[in-house]
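Colleague: task: produce atomic coordinates for the following.
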Amino acid sequence: MLRGVLTVGGWTMVSRILGFARDMLIAATLGAGPLADAFFVALKLPNLFRRLFGEGAFNAAFVPAFAGTLAVQGPHIARQLAERMAALLTLWLSLLVVLGLVFMPQLMQVLAPGFTEDRLKFALAVELTRITFPYLLLICLTALVSGVLNGLDRFAAAAAAPVFFNLLSMAALLVLTPYVATPAHALAWGVTASGAVQLGLVLWASARAGMALNILRPPALAPEVRQILRRMIPGVLGAGVTQLNLAIDVIIASFLPAGAVSFLYYADRVGQLPLGVIGAAVGTAMLPLLSRQVRAGESLSAHRTMNRAVEMALLLCLPAAVAQAAAAYPIVHVLFERGQFGPAAADATAAALAAYALGLPAYVLVKIFAPGFFARGDTATPVKVGLFAVALNLALNLLLTHWLAHIGVALATALSAWANAATLGWLLWRRGQFLADRRLRARAPRLLLASLLMGVVLAGLAEALFPAPHAWRYLALAVLVGAGAAAYFAAAFALRALEWQELLALLRRRRRRARPA
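Modeller: Coordinates of the predicted model:
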């Protein structure tokens with residue numbers, strides 16, 4: 001599992017870094033005004049459906065079924081299953097795309113009802129979303145083929161595909177802008193083009209792995225396909241609850257003053273770095289492994305897998321959360337404050353980032369606990385928990401935005417994520433499917449204490465180093481990041497939350513794998 005986590009996490013890190021470059025370019029070009037708000041809503045809608053029907057519910061139902069079929073019945077039957085699901089997904093999503101293009105004004109009234117008060121902003125959001133909406137079909141098929149690759153324990157191509165999203169978005173902004181109505185239109189066309197490139201990449205990788213797929217064969221509702229669909233339908237809410245909460249954030253933010261949607265977008269993008277690198281990596285690598293262990297009746301191995309996944313997530317996401325909260329101001333000002341994105345917008349975004357950071361460990365734990373249900377074929381339980389979390393998020397949004405404006409939106413999302421993670425973990429414990437072992441119980445509080453000590457160091461240094469002169473702010477942020485990392489690992493080793501022997505053993509194992517045969 002560790003090798004898969006490192007592969008997915010490494011490529012995700014590359015994608016996130018390029019994503020930051022893309023967002024820095026967008027911030028400098030569009031700022032945080034009506035044009036940026038309209039584009040971010042146009043990007044949010046296909047991404048919401050992608051995460052619900054593609055990466056979320058579909059992978060939760062499909063990956064365990066594909067991995068189990070591959071292990072028990074062989075690659076030929078597994079390929080048939082994948083092709084049948086691809087055909088059905090293509091038919092369903094093509095219909096959804098056509099309906100979306102036709103009824104986009106009505107959809108926009110649901111997703112961003114506050115935009116209706118500004119006719120130009122609303123019309124722009126509708127036009128941009130019509131350009132980006134076909135991305136939904138392309139990227140959901142990419143998620144299906146990525147699930148096949150994950151089931152084959154081939155993680156690199158699927159993890160590398162999002163890199164092209166960022167590259168093509170930046171290229172479109174730089175090259176197409178003079179030829180279209182606004183820079184936002186150029187970005188929208190770049191999004192759709194990236195979907196086609198990503199699908200081509202994973203299809204090529206699947207063929208190289210010996211699993212060439214014909215995704216255009218006629219659909220057939222075979223028994224195994226119906227079983228996946230039965231598990232997928234409730235999983236739309238269970239696996240995608242975080243995305244539903246973020247959609248609620250957009251709905252509420254659309255009623256706030258201009259720029260609120262953009263502030264939340266930029267803050268969420270920074271917060272998504274550790275979530276994508278840690279949470280998605282651990283969850284992606286863990287699900288097929290845990291599915292095989294459960295299918296084989298290896299309960300002790302499944303128990304160990306869950307514990308080590310939680311430990312690995314806490315080791316990385318606790319310091320990330322504390323660092324984002326303690327250093328939100330310098331992070332946002334260095335990354336985004338330039339061009340059309342001024343100091344006031346940076347301050348507003350930093351406040352939202354600090355609120356989002358409070359929920360980061362919870363977002364990652366949800367991605368670890370949910371596969372504990374999915375691997376056992378249970379997608380109904382996360383639905384019930386997810387509905388509770390969505391309702392709580394909505395209630396907290398309505399309560400907190402009255403006093404905290406867009407910061408209340410981010411804080412509500414963080415609090416509802418903790419409720420989601422705590423409930424899923426408690427249910428697994430009650431069923432005897434997850435129990436923190438002695439090592440996890442000993443190390444978790446030490447990791448938290450090490451993270452808090454690092455936070456004190458970061459807060460003091462941030463006060464001393466910022467605001468830094470413009471020419472020196474990148475160096476000041478690098479010093480801040482380096483000092484924070486050094487403080488965390490020094491505290492972790494001193495508190496025995498980390499052991500030198502384990503770190504050296506891990507490095508030796510990776511060195512042996514890297515040697516040519």
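
Colleague: from here on, contacts and neighbour counts on C-alpha atoms
Modeller: Will do.

Colleague: surely Val41 touches Val110?
Modeller: No. Contact status for Val41 versus Val110: not in contact, 11.5 Å apart, counting by CA atoms under 8 Å.

Colleague: with neighbour numbers in mind, choose between the two.
Modeller: Neighbour count, other CA atoms under 10 Å: between Val41 and Val110, Val41 has more, with 25 against 11.

Colleague: which stretches of the stretch 251-400 of the chain form strands?
Modeller: Here the stretch 251-400 of the chain has no strands by DSSP state E, counting those that start in this stretch.

Colleague: quick one: the helices in it?
Modeller: 260-274, 281-295, 299-326, 328-336, 343-357, 360-374, 380-404 (DSSP state H, counting those that start in this stretch).

Colleague: show residues contacting the shortest one.
Modeller: Identification of contacts with helix 328-336 by CA atoms under 8 Å, 6 or more residues apart in numbering yields 20, 23-24, 27-28, 267, 324, 343, 346-347, 349-351, 353-354, 462, 466-467, 473-474, 477.

Colleague: per-residue confidence at Glu55?
Modeller: At Glu55, the model reports a pLDDT of 56.

Colleague: got any ranges where the stretch 201-350 of the chain has weak pLDDT?
Modeller: Within the stretch 201-350 of the chain, the ranges that satisfy pLDDT under 70 run 231-246, 275-288, 291.

Colleague: let's see that with 80 instead.
Modeller: In the predicted model of the stretch 201-350 of the chain, residues 215-247, 272-297 satisfy pLDDT under 80.

Colleague: for PyMOL, what selects the buried ones among the contacts of helix 328-336?
Modeller: Selection of buried members from the contacts of helix 328-336 for PyMOL, criterion 16 or more other CA atoms under 10 Å:
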select buried, resi 20+23+24+27+28+267+324+346+347+349+350+351+353+354+462+473+474+477
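
Colleague: for Val294, give me its contacts.
Modeller: Residues in contact with Val294 (CA under 8 Å, 6+ apart) are 302, 375-376.

Colleague: what about it, distance to Leu203?
Modeller: Using CA to CA, to the nearest Å, one obtains 29 Å as the distance from Val294 to Leu203.

Colleague: in which helix or strand would I find the closest residue to Asn307 other than its chain neighbours?
Modeller: In this structure, Asn307 finds its nearest non-sequential neighbour in Ala436, 6.2 Å apart by CA to CA, 6 or more residues apart in numbering. Counting by DSSP states H and E, there is no helix or strand that carries Ala436.

Colleague: just the one 3 residues further on next, same as before
Modeller: Counting by DSSP H and E, the element that carries Arg439 is helix 438-465.

Colleague: which residues touch the next helix or strand after that helix?
Modeller: Per DSSP H and E, helix 438-465 leads on to helix 473-494 as the next helix or strand towards the C-terminus. Contact with helix 473-494 is made by 319, 323, 330-331, 334, 446-447, 450-451, 453-455, 457-458, 461-462, 465-468, 498-500, as judged by CA under 8 Å, 6+ apart.

Colleague: can you say which of those are buried?
Modeller: Buried members of these, counted by 16+ other CA under 10 Å: 319, 323, 330-331, 334, 446-447, 450-451, 453-455, 457-458, 461-462, 465, 468, 498.

Colleague: next, count neighbours for Phe255.
Modeller: For Phe255, the neighbour count with other CA under 10 Å is 17.

Colleague: enumerate every residue touching the residue lying closest to it once chain neighbours are set aside.
Modeller: Leaving aside its chain neighbours, Phe255 sits nearest to Gly114 (4.3 Å; criterion: CA to CA, 6+ apart). Neighbouring residues of Gly114 by CA under 8 Å, 6+ apart: 251-256.

Colleague: same thing with Pro46?
Modeller: 129, 132-136.

Colleague: export these to TSV and tack on secondary structure, pLDDT and distance to Pro183?
Modeller: Formatted as TSV, those follow (DSSP: H, G, I helix; E, B strand; the rest coil; pLDDT from 0 to 100; distance: CA to CA, whole Å):
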residue	secondary structure	pLDDT	distance to Pro183
Thr129	helix	95	14
Thr132	helix	95	14
Phe133	coil	93	18
Pro134	coil	94	19
Tyr135	helix	93	18
Leu136	helix	89	21
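
Colleague: outline the domain layout of the protein.
Modeller: 2-436, 442-517 (automatic domain parsing).

Colleague: using PDB, write out every CA atom in stretch 124-140.
Modeller: The C-alpha coordinates for stretch 124-140 follow below in PDB (Å, rounded to 0.1, in the frame of the first residue of the first chain):
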ATOM      1  CA  LEU A 124     -21.700  34.800 -18.200                       C
ATOM      2  CA  ALA A 125     -21.900  31.900 -15.700                       C
ATOM      3  CA  VAL A 126     -24.400  30.100 -18.000                       C
ATOM      4  CA  GLU A 127     -22.300  30.600 -21.100                       C
ATOM      5  CA  LEU A 128     -19.000  29.500 -19.400                       C
ATOM      6  CA  THR A 129     -20.700  26.400 -17.900                       C
ATOM      7  CA  ARG A 130     -22.000  25.300 -21.200                       C
ATOM      8  CA  ILE A 131     -18.400  25.300 -22.500                       C
ATOM      9  CA  THR A 132     -17.100  23.300 -19.600                       C
ATOM     10  CA  PHE A 133     -20.000  20.900 -19.200                       C
ATOM     11  CA  PRO A 134     -18.800  18.200 -21.700                       C
ATOM     12  CA  TYR A 135     -15.700  17.900 -19.500                       C
ATOM     13  CA  LEU A 136     -18.100  15.900 -17.200                       C
ATOM     14  CA  LEU A 137     -18.400  13.000 -19.700                       C
ATOM     15  CA  LEU A 138     -14.700  12.900 -20.600                       C
ATOM     16  CA  ILE A 139     -13.400  13.000 -17.000                       C
ATOM     17  CA  CYS A 140     -15.900  10.500 -15.700                       C
END
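
Colleague: I figured Ala309 was touching Ile368, is that so?
Modeller: Yes. In terms of CA under 8 Å, Ala309 counts as a neighbour of Ile368; the distance is 7.0 Å.

Colleague: neighbour-wise, which of the two wins?
Modeller: Per other CA under 10 Å, whichever of Ala309 and Ile368 has more neighbours is Ile368, with 27 against 23.

Colleague: my guess is the more buried one meets Arg308, correct?
Modeller: No. Ile368 lies out of contact with Arg308 (CA under 8 Å); the separation is 10.4 Å.

Colleague: among the domains of the chain, which is the most enclosed?
Modeller: Stretch with highest mean neighbour count among the domains of the chain: domain 2-436 (a mean of 21; mean count of other CA atoms under 10 Å).

Colleague: so how far is Phe122 from the residue nearest to Phe255?
Modeller: 9 Å.

Colleague: ditto for Arg208
Modeller: 45 Å.
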